[in-house]
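In: this one's sequence-less:
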């Protein structure tokens, strides 16, 4: 069965722009989580959506937002990009909440110039 | 606040040798505990998890981990390493009420020499 699909895989933006990343979870999975991975800060939790509702949010500024659609697909948006937003953004899906059994996509690598 | 410490940034082992990757966590209660592996250019893959019960858990690819409450540790082991095990390994914890909100350690990069 297909895994977690993230698009785009690579993108380059300039400071001040905004970006939208997309994630298609494994079929039947209703929870989608987003993580940011950087060399300096490592893996950090952004937010989790379940049944179109945000369940949890990490310690990121309001420029980072997300949503989930009725088919469980999710998008995250970063507005007013800063250099420090350059990172690998990983999406993970899970069948249910509170399992910790996350299936990760290969990520979207964002470079901010 | 929860935290996870992986004291070894890099570890090099010979193929066929045993492996132990260390993980210590800080949390008020016993959290959910996980080990994930990330190969270059890939996402993370769950190796094993501990929720409760037997403190020795078996995972995929021949890995196992032991939960020691007294030491707040969850070390990952493998009796015989294969060259394909070279990757970065992450220990993670999550509160039982928010099991998908993982806090990851900094990771340990495993190199396997032939």
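Out: Noted; the coordinates are in hand. Just so you know, these numbers come straight off a predicted model, no measurement behind them. Numbering: from 1, shown residues only, chains lettered A, B, ... in the order given.
In: Can you tell me which residues in chain A are near chain B?
Out: Proximity of chain A to chain B, by Cβ under 8 Å from any Cβ of the partner chain, involves residues A:4, A:31, A:33, A:35, A:42-45, A:48, A:55-56, A:58, A:90, A:92, A:94, A:97-107. (Glycine included, C-beta is placed from N, CA and C.)
In: tell me the secondary structure for the residue nearest in space to the middle of chain B?
Out: The centroid of chain B falls nearest to residue B:35 when counting by Cα atoms, centre = their mean (3.4 Å). Assigned with DSSP: H, G, I helix; E, B strand; the rest coil, residue B:35 falls in the strand class.
In: list the contacts for it?
Out: Residues near residue B:35 by Cβ atoms under 8 Å, 6 or more residues apart in numbering or on different chains: B:21, B:23, B:46-49, B:59, B:63, B:65, B:74, B:76, B:89-92.
In: which ones are touching residue A:108?
Out: A:6, A:7, A:8, A:9, A:10, A:11, A:21, A:88, A:89, A:91.
In: Report pLDDT for the fourth one.
Out: I take that to be residue A:9. Looking at residue A:9, its pLDDT stands at 97.
In: mind checking how far the nearest residue in space to it that is not next to it in sequence is from residue A:47?
Out: Nearest residue to residue A:9, sequence neighbours excluded (Cβ to Cβ, 6 or more residues apart in numbering or on different chains): residue A:108, at 6.2 Å. Per Cβ to Cβ, to the nearest Å, residue A:108 is found 15 Å from residue A:47.
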